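**Q** Just a sequence and a predicted model for now, questions to come.
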Amino acid sequence: MADGPAPSESGTGESTAARRSPQSEAPARLELRHISKSFGGVQVLRDVSLQLFPGEVVGLLGDNGAGKSTLIKIVTGVHPPDEGEVVFGGKVVPNLDVQTARSLGVETVFQERALAEQLPLWRNIFMGRPLTHRFGFLRTGEMRQITSDLMGRSMGFTSAVLTPDTTVTGLSGGERQGLAIVRALHFEAEIIILDEPTMGLSLKETEKLLTFVDGIRAAGKSAIFIDHNIFHVYSVADRIIVLDRGTVAGEFPTSRYSLEELMGIMREVAVGGSYTEAERYRPDAPPPPPLDATPPAGAGPLA
Amino acid sequence: MNEIATPAAVPARPRLSSWTAAWASQIGITTAFILLWLTFIVLAPGTFLSENIYLSFAQTTPFFALVAMPLTMVIIAGDIDLSFPSVMALGMVGFVFVWQATGSVALGAAASLGVGALAGLFNGLIITFVGIPSLVVTIGTQFLFRGLTLVLVNGRSYALVDTQKSPAYDVLVGRPLGIPMEFWWLVIVSVGTWVLLNRHRLGQNAYVVGDNRHAATLMGIPIRRTRIMLFVLTGLMAAFAGLLNSLQIVNFYPGMGDGYLLPTLAAVFVGGTSVFGGRGSVWGTFIGAFMIGGITAGIIASGLTDYYTNLVYGAVILISVSIHAVLQRRFTR
């Protein structure tokens, strides 16, 4: 993936000034306070706190086993935290479950995509939230129509043989990812969580996805973007949170850190579990002198 | 991520129309049913062209087809219920007790349905809250419910001749337009099951739970409630089938339902429902039930001895499920 052409990054650079920082006055759309979670004696998350503001895209980076997916499953209500609070718009939500999280505007594109393969597309789009009449009877015609519209408009499925009644088994990897993303979008989510969304996507599909994440911000919504690929994360995130072995190793606004600096920090975290520049940036410390947000030529994200 | 291809570079895979794909195996099984029936007509025209045999099928097949309907949904959701033959009898204990106490067939019928639903609820609660696979739980409750039946009635049979005077009797097992009510009930239950499965939230959730339970968890589907509900429906229909059968033969014996486990499951699988969940069809189960229900009569009427029955059952089941497997593979990729 490293030798493709690097698209222009100027758009991202210019919009940086308008992006929010953790010190913003607006209430956080989502806040995690001192979250801890262990599975069968293994401490997966330890005292993790983070905030997500309206119109902000937060990148979550970390090695396998750093706790990224567990963190996501706590936000989405799949797992309850052992300790700590999940706060939506300033209100603590105890006993968060998936239905509640979805009703609070959290939609997720899961790494495992969460599709039912033998079912038609329309049933996948409306999985868990079907449109119904009274007494739970389905509005199938309406759901098929909406699916058909979404396929043409948002998924770019123009092939005539794909209909809302096609089963997922007939889709390619990219088409499946498109389906999972469109599903997350359709429900007017305020917070969109993308867990490894570029996995299995072609270069072109990846570009489309990253453009789409910029669109989330432009619409004033918020996103958490998780990816192994620091180039992808850097190119769309306003702020990058690095998780390491279940704790937050650091937070880095992309307006203040260059891609190269971040890569250096990531290497140090990977080796030592911490990084020597820890003093350079803390949310309560005076901000360090701004650095050029435009990545150096040749190291373009999305390479 | 080395094999980067633009979408245009990917060769277009042939994709058949969704209609054909969705219906291929149903068309297949319906064709097999028609062929089997034509064979019987050719071999035994005297029997299979007369009205009587169809009136007989209309009475006997619903006994297990009624249970096969909700069972189809249970299997689509990735579970199984082996306890329904015992629930058929246990529900009748409720009938006998209430009917004897009140003299009302209608109240007795309501009691039997209530007992059946409770038995299903019991299955569902143990399966989902204790977390034991439904196969294992219902092997256990199959003995439990049968044992409970035997203990409660002390192993006795009950003559139900007096129920025939009640108007409820005609509603349950009468013969409007000369056709047994059992058949009308089966039609009503089949349509109801189709609507629940394909046009209701319960069916939508059952499909997802059976296809990908992990996805169902992530997308917030009430998995536990869905599974329990399906077991309740199966218990309910098992009791209803037991009620119709007992009233038809005007007798209740505690061993009722024994021997119906495998034909019922066969009807569901012959109809194309996947044992792995996520796929199944009410029409298939309907056809499958009449295939299974017609074989014995077909064998005897064709002049073969009864010894051939199991041989033909086995062949029909294997051929049918093979048709489904082949057509599914061909049309869904």
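**A** Thanks, I have it.
**Q** Need the contact partners of the host helix or strand of residue B:312.
**A** Following DSSP states H and E, one finds residue B:312 within helix B:308-332. For helix B:308-332, contacts defined as Cβ atoms under 8 Å, 6 or more residues apart in numbering or on different chains pick out A:118, A:167, A:169-170, B:16, B:20-21, B:24-25, B:28-29, B:32, B:36, B:266, B:269-270, B:272, B:279, B:288, B:291-292, B:295-296, B:298-299. The way it works is simple: take the backbone N, C-alpha and C, and place the C-beta from them, glycine included.
**Q** List the buried residues of that helix.
**A** Neighbour-count burial for helix B:308-332 flags B:312, B:313, B:316, B:317, B:320, B:321, B:323, B:324, B:327, B:328, B:331, B:332 (criterion: 16 or more other Cβ atoms under 10 Å in any protein chain shown).
**Q** Got a quick ChimeraX command for the buried subset of the contacts of helix B:308-332?
**A** ChimeraX command restricting the contacts of helix B:308-332 to the buried ones, with burial defined by 16+ other Cβ under 10 Å:
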select /A:118,167,170 /B:21,24,25,28,29,32,36,266,269,270,272,279,288,291,292,295,296,298,299
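**Q** sorry, back to before: would CSV of the buried residues of helix B:308-332 with distance to residue A:190 and pLDDT be doable?
**A** Shown next, in CSV, are these (distance: Cβ to Cβ, whole Å; pLDDT from 0 to 100):
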residue, distance to residue A:190, pLDDT
B:312, 62, 89
B:313, 58, 89
B:316, 56, 89
B:317, 53, 90
B:320, 50, 89
B:321, 48, 89
B:323, 49, 87
B:324, 44, 86
B:327, 45, 82
B:328, 41, 77
B:331, 41, 67
B:332, 37, 59
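**Q** Helices of the stretch 101-250 of chain A, start to end?
**A** For the stretch 101-250 of chain A, the helices defined by DSSP state H, counting those that start in this stretch occupy A:121-125, A:140-150, A:173-186, A:203-218, A:230-236.
**Q** So for residue B:250, which of those sits nearest?
**A** helix A:140-150 (43.9 Å; Cβ to Cβ).
**Q** before we move on, back to that, okay, the helices of the stretch 101-250 of chain A in JSON lines with distance to chain B next?
**A** As requested, those are exported to JSON lines (distance: least, Cβ to the nearest Cβ, whole Å):
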{"stretch": "helix A:121-125", "distance to chain B": "6"}
{"stretch": "helix A:140-150", "distance to chain B": "6"}
{"stretch": "helix A:173-186", "distance to chain B": "7"}
{"stretch": "helix A:203-218", "distance to chain B": "5"}
{"stretch": "helix A:230-236", "distance to chain B": "11"}
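**Q** deepest of the ones you listed, which one?
**A** Mean neighbours per residue, mean count of other Cβ atoms under 10 Å in any protein chain shown, is largest over the helices of the stretch 101-250 of chain A for helix A:121-125, with a mean of 27.
**Q** Centre of the chain to that helix, how far?
**A** With Cα atoms, centre = their mean, to the nearest Å as the basis, helix A:121-125 stands 22 Å off its chain's centre.
**Q** How about residues contacting it?
**A** With Cβ under 8 Å, 6+ apart, helix A:121-125 has contacts from A:115-116, A:140, A:143-144, A:146-147, A:150-151, A:162-168, A:179, A:182-183, A:186, B:204, B:207-208.
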